[in-house]
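*Asks:* Predicted model follows, preceded by the sequence.
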Amino acid sequence: MIEQFFNWYHREGRSLPWREQPEPYPVFLSEVILQQTRVEQGLAYFHRFMDTFPTVQDLANATEEEVLKLWQGLGYYSRARNLHKAAKHLMEIHQGIFPSNFNELIKIPGVGPYTARAILAFAFSKPEVAADGNIWRVTSRFFGLNNEFPSKKTMELTQELWKDWVVQQPSVFNNAMMDLGSGICTPKQPKCEQCPLQSQCFSFPSGAWVNLPFKEKKTKVKPLTLVYLISKSDGKVLMKKRTENTIWANMYDFPEITFPSHWDSEMDIQEEISKNSRVRTVHSVAKQSFHLLSHRKIQPFFCFVDFVPILQLEREEKWIPLEQIHELPVPKIIESLIATF
Ligand code: SF4
């Protein structure tokens, strides 16, 4: 199987300048650029850098403006600054020569465990697996693993799982895995019928690749200010049933005003409510503690108001007798308030 895999790479693998010239400096440069962009776009930047700064010393002697100018268009300019610092570090500490051990490599500005392993495998033929997203995708599908990535543990596991493969030809193994991950074992619709690993792949027969690698969805937590307008009148309180597709759907709370940011000042809230055409008088405004949901960080305010005498009720609003209020389902955010009614 290993031989088949390596043969596939020799037949189908991409020809790239840093592969033909696997010296530490071009390997490092290509890795930094490819962290920022795809191979197709990265090629032009790679040539531009190599033509302008053919050696570590040339890069170290450049001004930061020159480096940033060459990097222009790639974005995330701290990478370019670190690239420049890395060259200076290499000149100052290592006389412009890349060290060939992991602990020294990761001291170079901008070099993390992945880049250090890539340099070791490609430029020094050390049996290191440079586990990036592509390699992890192949690994998780091939072995049927759903560990989270990236993590130190998963990197170590990847190293362990492929150790018998990578030791044979470190550079060929890593390049082959990268090409397999970017061209065959793609995130959607992998081309399993063309895959050299197919016969031993855990995911192939069952189609388990659909759920691999496991991705924990990180939900962005958005701020929200929620101002409740609370009004009691004749032993009743005006409440509303929350509609479908809103938070706390079908539960009861009060008419509200919301803002898609966090408001801090009770005075500002009071001023804002005073402008509301439904409100006649604002009696009090009380800021509450933050309320956290998976996707929202809510800053609540409880505002006791009188509504205008002839109030047009919204469809979901209803005057509820105080003695019935405790029977209604209400969100936690107003539970303790309701208990005082
Ligand atoms: S057989 Fe399919 S799922 Fe398995 S490694 Fe190859 S492309 Fe990926």
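*Replies:* Yep, that arrived. Everything quoted here is computed from the prediction, not taken from an experiment.
*Asks:* in stretch 105-122, what's buried?
*Replies:* 105, 108, 110-111, 113-122 (16 or more other Cβ atoms under 10 Å). Backbone N, C-alpha and C define where each C-beta goes, glycine included.
*Asks:* What is the end-to-end distance of that stretch?
*Replies:* End-to-end distance of stretch 105-122 (Cα to Cα, to the nearest Å): 14 Å.
*Asks:* how distant is it from the center of its chain?
*Replies:* A distance of 22 Å separates the centroid of the chain from that of stretch 105-122, by Cα atoms, centre = their mean, to the nearest Å.
*Asks:* Can you tell me what sits against that stretch?
*Replies:* Contact with stretch 105-122 is made by 18-19, 22, 24, 27-28, 31-32, 35, 79, 82-83, 85-86, 89-90, 93, 98-102, 126-132, 150, 152, 155, 166, 170-171, 173-175, as judged by Cβ atoms under 8 Å, 6 or more residues apart in numbering.
*Asks:* Got a ChimeraX select line for the buried ones in these?
*Replies:* This is how ChimeraX selects the buried members of these, with burial counted by 16+ other Cβ under 10 Å:
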select :18,19,22,24,27,28,31,32,35,79,82,83,85,86,89,90,98,99,126,127,128,129,130,131,132,155,166,170,171,173,174,175
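*Asks:* Keep only the contacts of stretch 105-122 that also lie close to the ligand.
*Replies:* When Cβ under 6 Å from any ligand atom is applied, no member of the contacts of stretch 105-122 is adjacent to the ligand.
*Asks:* Tell me the residues of this protein that contact the ligand?
*Replies:* Counting by Cβ under 6 Å from any ligand atom, the residues of the chain near the ligand are 138, 141-142, 184-185, 190, 192, 195, 197-198, 201, 203-204, 209.
*Asks:* From those, which land in helices?
*Replies:* Among the residues of the chain next to the ligand, the members falling in helices (DSSP state H) are 138, 141-142, 203-204.
*Asks:* so which of these is the most crowded?
*Replies:* Tallying neighbours with other Cβ atoms under 10 Å puts residue 138 at the head of these, with 28 neighbours.
*Asks:* all helices for the stretch 151-300 of the chain, in order.
*Replies:* 152-161, 163-166, 170-179, 203-206, 266-274 (DSSP state H, counting those that start in this stretch).
*Asks:* Check these for me and report the most buried one.
*Replies:* helix 170-179 (a mean of 22; mean count of other Cβ atoms under 10 Å).
*Asks:* picking that back up, dump the ones in helices among the residues of the chain next to the ligand into TSV; add pLDDT as well.
*Replies:* Below are these laid out as TSV (pLDDT from 0 to 100):
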residue	pLDDT
138	95
141	95
142	95
203	89
204	90
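*Asks:* Heading C-terminal from the helix or strand harbouring residue 3, find the next helix or strand.
*Replies:* Secondary structure assigned from DSSP states H and E places residue 3 in helix 2-12. Per DSSP H and E, the first helix or strand lying C-terminal to helix 2-12 is helix 17-20.
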